[in-house]
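Enquirer: Okay, sequence plus prediction incoming.
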Amino acid sequence: MDLRREALQKWINNLFAADIRGELETVSGDASFRRYFRQPLHNGSVIAVDAPPEKENSEPFVRIARQWHARGVKVPGVLHVDMGQGFMALEDFGNDMLLPALNEKSVDALYAQAIDQLIHLQLQPAENLPHYDAALLDREMALFPEWFVGKHLQLTLSPAEQSVLQDTFTMLRETALGQPQVIVHRDYHSRNLMLLENQFGIIDFQDAVVGPFTYDLVSLLKDCYIQWPQENVNAWATQYFAKARAAGLIGAIADEQCQLWFDWMGLQRHIKVAGIFARLYYRDGKAGYLKDIPLTLHYIMQVCEAYPALAGFEQLMRNRILPAFEALQK
């Protein structure tokens, strides 16, 4: 018996009463403990969310959704909330994610639209959002040695190798903190942008912070679920830099500096993500993310090879970490 689903159904039935048509339909879970269902109505549908309060804090999602929605950011309207039970009823953005719509013919126009919406988001006032500070950056990168290197690869790094890792993390942290700071969605990619009639619906924003301006751009252009040629990625990034400059977000900072920030921010993100994907498997039993680790490692090596300052980390990856990973794939 799925007692929480039954309780959610009862809650939705009470809210929408005579408008209810049928029962809850499973939409998806995600990397958290939240579950999403669609409730058909005689007049459309709503998304019913099950977010167990002992495991998920829904307050940030509700607060951010209401603030951004009021300012014209295309996030789902919050229709009803029961914090005690961990239930929400949200505006339904449908099933059409950006990811399946991306192909060589469509990608330029779709990414241009996604970049325009990102800049609109970044221009909003950052009310009551935590900062992407040194402690958070460090906690994220620490997931890599703990869950990916230690748990997944079963590697024990020598003191010298641990020193290389920490020196790299220090450089990445300081580079991130030195960037212009804006609203950061933290997962602005093709699975969290929904195709609507004239724009994208933005979902999964509850972890938003104030942080480096390149972070969401990296999430979009170096997506962990789809890869594009490096020259395309750089061209789209340059287009964003020009638009961000015109919008007053980054002043007169040169493209070369912006590109370095973009690349190093991507390295920080993909180091973190490799750790998260391993943790999702070992801690949460979600094996599906393991197949996305090779692309994150590709992105890591791509940046390491481009910057001499990262040579120590590149050698650690090439000599210890990649061989251990490749041995697991056999």
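Expert: That came through fine.

Enquirer: From now on I want contacts and neighbour counts done on CA atoms only, so please keep to that.
Expert: Noted.

Enquirer: neighbours around the residue lying closest to Ala208 once chain neighbours are set aside, how many?
Expert: In this structure, Ala208 finds its nearest non-sequential neighbour in His185, 4.5 Å apart by Cα to Cα, 6 or more residues apart in numbering. Number of residues near His185 (other Cα atoms under 10 Å) recorded here: 23.

Enquirer: Asn43 now?
Expert: Neighbours of Asn43 (other Cα under 10 Å): 9.

Enquirer: for it, what are its contacts?
Expert: Asp19 (Cα atoms under 8 Å, 6 or more residues apart in numbering).

Enquirer: Also Asp187?
Expert: Asp187 makes contact with 204-205, 216, 219 under the criterion Cα under 8 Å, 6+ apart.

Enquirer: Recalculate using a threshold of 10 Å.
Expert: Counting by Cα atoms under 10 Å, 6 or more residues apart in numbering, Asp187 makes contact with 193, 202-208, 215-220, 223.

Enquirer: Out of those residues, which is nearest to Arg5?
Expert: Proximity of the contacts of Asp187 to Arg5 was ranked by Cα to Cα; the top entry is Asp204 with 20.7 Å.

Enquirer: Neighbours of that closest one, how many?
Expert: A count of nearby residues for Asp204, using other Cα under 10 Å, gives 18.

Enquirer: related to what we said a few turns ago, the residue nearest to Ala208 is in contact with Ile119, isn't it?
Expert: No - applying Cα atoms under 10 Å as the test, His185 and Ile119 come out as separate, 11.5 Å apart.

Enquirer: Could you list which of the contacts of Asp187 belong to strands?
Expert: Taking DSSP state E, the ones among the contacts of Asp187 that sit in strands are 193, 202.

Enquirer: before we move on, the earlier item: tell me the pLDDT at the residue nearest to Ala208?
Expert: pLDDT for His185: 98.

Enquirer: For it, give me its contacts.
Expert: With contacts defined as Cα under 10 Å, 6+ apart, His185 is in contact with 118, 121-122, 202-211, 215-216, 219.

Enquirer: According to the record, where do the domains of this structure fall?
Expert: 3-91, 98-329 (automatic domain parsing).

Enquirer: Please, which helix or strand holds Ala135?
Expert: Ala135 belongs to helix 134-143 when assigned by DSSP states H and E.

Enquirer: ok, and the closest non-adjacent residue to Leu267?
Expert: Closest residue in space to Leu267, ignoring its immediate chain neighbours: Ile300 at 5.5 Å, by Cα to Cα, 6+ apart.

Enquirer: Do I have it right that the one you found meets Cys224?
Expert: No - Ile300 is beyond contact range of Cys224, at 11.4 Å (criterion: Cα under 10 Å).

Enquirer: rewinding a little: what are the buried residues along the helix holding Ala135?
Expert: Across helix 134-143, burial judged by 16 or more other Cα atoms under 10 Å covers 137-138, 140-143.

Enquirer: can you name the two of those that are farthest apart?
Expert: The span of the buried residues of helix 134-143, defined through Cα to Cα, is set by Leu137 and Leu143 at 10.5 Å.

Enquirer: who's in contact with Leu295?
Expert: With contact taken as Cα under 10 Å, 6+ apart, Leu295 is in contact with 222-227, 270, 274, 301.

Enquirer: Kindly recompute the last result at 8 Å.
Expert: Neighbouring residues of Leu295 by Cα under 8 Å, 6+ apart: 224-225, 227.

Enquirer: re the thing from before, just the buried ones among the contacts of His185, please.
Expert: Buried members of those, counted by 16+ other Cα under 10 Å: 118, 121-122, 202-206, 208-211, 215-216, 219.

Enquirer: about what we covered before: for the helix or strand that comes right after the helix holding Ala135, the averaged confidence score.
Expert: Next helix or strand after helix 134-143 toward the C-terminus (DSSP H and E): helix 159-177. For helix 159-177, mean pLDDT rounds to 98.

Enquirer: tell me which residues of stretch 246-253 are tucked away?
Expert: By neighbour count on 16+ other Cα under 10 Å, the buried set for stretch 246-253 is 249-250.

Enquirer: oh sorry, the question was meant for stretch 121-135
Expert: For stretch 121-135, the neighbour count (16+ other Cα under 10 Å) marks 121-122, 126, 129, 131-132 as buried.

Enquirer: And that stretch, how far out from the chain middle?
Expert: 15 Å (Cα atoms, centre = their mean, to the nearest Å).

Enquirer: Now do that stretch: distance from first to last residue.
Expert: Stretch 121-135 has an end-to-end distance of 25 Å (criterion: Cα to Cα, to the nearest Å).

Enquirer: If we only consider the buried ones among the contacts of His185, which is nearest to Gly150?
Expert: Of the buried ones among the contacts of His185, the one sitting nearest to Gly150 (Cα to Cα) turns out to be Ser219, at 25.3 Å.

Enquirer: Roughly how far does the closest one sit from Ala237?
Expert: Distance, Ser219 to Ala237, by Cα to Cα: 12 Å.
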